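A.B. asks: give me a model of this one.
(2 chains)
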2 protein chains.
Amino acid sequence: MKKPLLQLALDSSGLETALLHASRVADHVDVIEAGTVLAFAQGMNAVRELRARYPSHRLVCDMKLLDAGEVLAAGAFSAGADWITVGAAAHIETISAAHRVATQMGGEVQIELFGHWTLEDARLWIRHGINQVIYHRSRDAQAAGVCWGEKDLTLMKALSDLGMRVSVTGGIVPDDVHLFREIDVQAFIAGRALTGDNGVQMAEAFHAAIERDWQE
Amino acid sequence: MKKPLLQLALDSSGLETALLHASRVADHVDVIEAGTVLAFAQGMNAVRELRARYPSHRLVCDMKLLDAGEVLAAGAFSAGADWITVGAAAHIETISAAHRVATQMGGEVQIELFGHWTLEDARLWIRHGINQVIYHRSRDAQAAGVCWGEKDLTLMKALSDLGMRVSVTGGIVPDDVHLFREIDVQAFIAGRALTGDNGVQMAEAFHAAIERDWQE
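C.D. replies: Numbering: from 1, shown residues only, chains lettered A, B, ... in the order given. As a prediction, this is how the structure comes out:
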C-alpha cells in the first residue's frame, strides 16, 4: 500500500495566525488544509493566500459542503485547492456535481464521513467516481472523550477494501499510526499537534512512524 | 400557528452582487440569509456587511456546520448573525456546543436536514434545546427534477408535531405556500426567486399567499 501523507489542518479563524502556523511546519508536511473554521472566517481568500505561498503542496479546502456542489467546488478549485471535502449526508446529485467540477478542474472530492452513512452509500459514491473518504473523529466527540476503537478500524478497513483511500483525522498522534496499518490511508491529518511549539518534532515523529509501519 | 416569515437567501459568491440583491428586496422580507456560497466565498465579512446595512432584520448565516460547533458559531454570532445552521449529520456534541454558544450570544441554531436523519434524531435535538429545523429540497436534487411530495409534507408535519418550527426551502414559489398550512412554518426561504427582476412582486406574492393561508 502507498505510504500515507501527512496533512496539516489550519483551523484558526485569523489568516495571519494560519499563515504563521503554516510557515513553521510546511517543509515537514505533504498536504496543507484550509480548515472549515479558516475557510468560513476568511472565505476563499485563505485558499488563495495558501496557494500563493505553497505552490507545490497539495492543498485541501475543508468545506464539508452539503449542497450547491458545483458552485462551491468551482470557488475552491479556482482559488487553488486540489481537493475539497463534501459531507457524507450530501445528496448524490451534489456529490456528482462537485466531482464533475473537480474532474474538469484537475481536482478531487473527498467525502467526509459524518452521521448515519453506510457502506451502501460508499458503494454509491464509488460508482459516481469518488475514491477518497475522510474518517473523522469529531472534535466535539473527542472533547467529550469518545476514542478510536475497533468499530472505527473495522469500518475504515471495509472502506479501504471497497477501494477508497481513507484520510484519518481527530486527535491522532504518532503512536496511533500503527493502528491503521491494514488500511489504505491517504493522509493522517493533524491540526493542533502540528501547529504547537513542537510542531516540527511532531511532524517528524509522524513520518518516522509511517516509515516504520509502512515498510514495503 | 404563527405566520411564517419570508427569508431572502443570498447565494452569490460576490459581495457586491449579494448587497445589490439585498438592497432591492430587503424592505419586503423578514429574514436575510448569508447563504453557504456567499459565506464560503467571502467569509464572515459578508455577515458583518449585511448586519451593518440591515440592523433590524433577522440575519442567518447558513453554515451547515458539521464540526467545531463552538468556534464556528462564535464566529458567526460575533459577526452579527441571529441564527446559524448546523447539518443534521453533526454529532450531538457539535450541536450542543453550537447551541450553548447561541444561548450565550442571544442567537439560535437551526438544524438543516440532509441525509439519513430520523425523527429519533429530532427528539434528541429537542432534548438538547433545539427547536428549529430547515427542511431542504437540495438545489442539486431540484435541478435533477426531484419534487415536493407527500413524503416531504408528512415528515415536516411530524417535525412540527414534535415542537419544531420548520423553515422550508428549495425552489419554493407562492403557489406552493398552501401545501404547508398544517405545519408550524418559521420561514419560507427563497433565493433566486427574490433576487431576480421581479423580486419585489414575488415577495409580495409570498406575503399575500401567507396572509391568505394563515388567517387566524
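
A.B. asks: what segments of chain A are helices?
C.D. replies: A:15-25, A:36-42, A:45-53, A:69-79, A:92-104, A:119-127, A:139-143, A:150-162, A:192-195, A:199-213 (DSSP state H).

A.B. asks: where among these is average confidence lowest?
C.D. replies: Here those differ in mean pLDDT, and the lowest is helix A:139-143 at a mean of 66.

A.B. asks: tally up the residues packed near A:Gly75, please.
C.D. replies: Per other C-beta atoms under 10 Å in any protein chain shown, the neighbour tally for A:Gly75 reads 23. To be clear about C-beta, it is placed using only N, CA and C from the backbone, and glycine gets the same treatment.

A.B. asks: next, work out how far apart it and B:His21 are.
C.D. replies: 17 Å (C-beta to C-beta, to the nearest Å).

A.B. asks: contact partners for A:Ile32?
C.D. replies: Shown in contact with A:Ile32 (C-beta atoms under 8 Å, 6 or more residues apart in numbering or on different chains): A:Gln7, A:Leu8, A:Leu10, A:Ala22, A:Ala26, A:Leu50, A:Tyr54, A:His57, A:Arg58, A:Leu59, A:Val60.

A.B. asks: please redo it, this time with the cut-off set to 7 Å
C.D. replies: A:Leu8, A:Leu10, A:Ala22, A:Ala26, A:Leu50, A:Tyr54, A:His57, A:Leu59 (C-beta atoms under 7 Å, 6 or more residues apart in numbering or on different chains).

A.B. asks: nearest residue to it other than its sequence neighbours?
C.D. replies: A:His57 (4.8 Å; C-beta to C-beta, 6 or more residues apart in numbering or on different chains).

A.B. asks: need the contacts of A:Ile32 in JSON lines (columns: distance to A:Ala102 and neighbour count).
C.D. replies: Below are those laid out as JSON lines (distance: C-beta to C-beta, whole Å; neighbours: other C-beta atoms under 10 Å in any protein chain shown):
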{"residue": "A:Leu8", "distance to A:Ala102": "21", "neighbour count": "28"}
{"residue": "A:Leu10", "distance to A:Ala102": "21", "neighbour count": "25"}
{"residue": "A:Ala22", "distance to A:Ala102": "23", "neighbour count": "22"}
{"residue": "A:Ala26", "distance to A:Ala102": "24", "neighbour count": "18"}
{"residue": "A:Leu50", "distance to A:Ala102": "18", "neighbour count": "27"}
{"residue": "A:Tyr54", "distance to A:Ala102": "20", "neighbour count": "19"}
{"residue": "A:His57", "distance to A:Ala102": "18", "neighbour count": "20"}
{"residue": "A:Leu59", "distance to A:Ala102": "13", "neighbour count": "22"}
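
A.B. asks: now, which of these sits nearest chain B?
C.D. replies: Of all these, chain B sits closest to A:Leu10, with 12.5 Å by C-beta to the nearest C-beta.

A.B. asks: what's across from the closest one in the sheet?
C.D. replies: Judged by DSSP bridges, the bridge partners of A:Leu10 are A:Ala34.

A.B. asks: surely it is in contact with A:Glu33?
C.D. replies: Yes. With contacts counted by C-beta atoms under 7 Å, A:Leu10 reaches A:Glu33, the gap being 6.3 Å.

A.B. asks: on that earlier part again, distance to chain B added to the helices of chain A, as TSV?
C.D. replies: Converted to TSV, these look like this (distance: least, C-beta to the nearest C-beta, whole Å):
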stretch	distance to chain B
helix A:15-25	9
helix A:36-42	4
helix A:45-53	7
helix A:69-79	5
helix A:92-104	4
helix A:119-127	8
helix A:139-143	4
helix A:150-162	14
helix A:192-195	12
helix A:199-213	20
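
A.B. asks: the ones you listed: which one's closest to B:Ile134?
C.D. replies: helix A:92-104 (15.6 Å; C-beta to C-beta).

A.B. asks: got the angle between that closest one and helix A:69-79?
C.D. replies: On the basis of axes from the mean of the first three to the mean of the last three C-alpha atoms, to 10 degrees, helix A:92-104 is oriented at 30 degrees to helix A:69-79.

A.B. asks: could I get helix A:92-104 in PDB with only the CA atoms?
C.D. replies: Output of helix A:92-104 as PDB, limited to C-alpha atoms (Å, rounded to 0.1, in the frame of the first residue of the first chain):
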ATOM      1  CA  ILE A  92     -25.700  12.200  -4.600                       C
ATOM      2  CA  GLU A  93     -26.500  14.900  -7.100                       C
ATOM      3  CA  THR A  94     -24.500  17.300  -5.000                       C
ATOM      4  CA  ILE A  95     -21.600  14.900  -4.800                       C
ATOM      5  CA  SER A  96     -21.800  14.200  -8.500                       C
ATOM      6  CA  ALA A  97     -21.800  17.900  -9.300                       C
ATOM      7  CA  ALA A  98     -18.800  18.600  -7.100                       C
ATOM      8  CA  HIS A  99     -17.000  15.600  -8.700                       C
ATOM      9  CA  ARG A 100     -17.800  16.800 -12.200                       C
ATOM     10  CA  VAL A 101     -16.300  20.200 -11.500                       C
ATOM     11  CA  ALA A 102     -13.300  18.600  -9.800                       C
ATOM     12  CA  THR A 103     -12.600  16.400 -12.800                       C
ATOM     13  CA  GLN A 104     -12.800  19.400 -15.100                       C
END
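
A.B. asks: which other helices and strands contact that helix?
C.D. replies: For helix A:92-104, the packing partners by 3 or more C-beta pairs under 7 Å, 6 or more residues apart in numbering or on different chains; DSSP states H and E come out as helix A:69-79, strand A:83-87, strand A:108-113, helix B:139-143.

A.B. asks: dump the C-alpha coordinates for stretch A:51-70 into CSV.
C.D. replies: Provided in CSV are the C-alpha atoms of stretch A:51-70 (Å, rounded to 0.1, in the frame of the first residue of the first chain):
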residue,chain,number,x,y,z
ARG,A,51,-1.7,28.6,-2.7
ALA,A,52,0.4,31.6,-3.4
ARG,A,53,2.8,30.7,-0.6
TYR,A,54,2.8,27.0,-1.2
PRO,A,55,2.6,26.3,-4.9
SER,A,56,3.9,22.7,-4.6
HIS,A,57,2.0,21.4,-1.7
ARG,A,58,-1.3,19.6,-2.1
LEU,A,59,-3.9,22.0,-0.8
VAL,A,60,-7.3,21.0,0.6
CYS,A,61,-10.3,23.2,1.2
ASP,A,62,-12.3,21.5,4.0
MET,A,63,-15.8,22.8,3.1
LYS,A,64,-17.8,19.7,4.2
LEU,A,65,-20.3,21.0,1.7
LEU,A,66,-23.8,19.7,1.7
ASP,A,67,-25.4,21.5,-1.3
ALA,A,68,-24.5,23.7,-4.2
GLY,A,69,-21.8,21.3,-5.1
GLU,A,70,-21.0,22.9,-8.5
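
A.B. asks: since that was my last question, I'll sign off now.
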